[in-house]
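>>> predicted coordinates and the sequence they were generated for:
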Amino acid sequence: MSTVSIARITEEQAITRRDHILAEIGDLEAFRARAHDYLLDVREQALFNELEDLDYLLAL
């Protein structure tokens, strides 16, 4: 089992990181559809998980 690391970021940093992820993945709806169909590679799955976490933290 790996250890959990906690990063404290500001709301502005979270928004900036989310924008960076969105620029990298392109079409959000198509990306989410691929995620729900289990069609993401490991890197894309990590981006999807981070995006979901940021959306939760930002109440989006």
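Structure received. Numbers count the residues shown, from 1 in each chain.

>>> where in the chain is pLDDT low?
When residues are selected by pLDDT under 70, those of the chain lie in 1.

>>> can you give me the strands for it?
For the chain, no strands are identified by DSSP state E.

>>> skipping its backbone neighbours, what lies nearest the residue positioned nearest the centre of it in space?
Centroid check for the chain by CA atoms, centre = their mean gives Leu51 as the closest residue, at 1.8 Å. When the adjacent residues along the chain are set aside, Leu51 lies closest to Ile21, with 5.1 Å between them (CB to CB, 6 or more residues apart in numbering). Heads up, the C-betas are built off the backbone N, CA and C, glycines and all.

>>> cool, and Asp55?
Closest to Asp55 by CB to CB, 6+ apart is Arg18, at 7.4 Å.

>>> which residues sit in contact with the one you found?
51, 54-55, 58 (CB atoms under 8 Å, 6 or more residues apart in numbering).

>>> let's see that with 10 Å instead.
The contact partners of Arg18, taken as CB atoms under 10 Å, 6 or more residues apart in numbering, are 50-51, 53-55, 57-58, 60.
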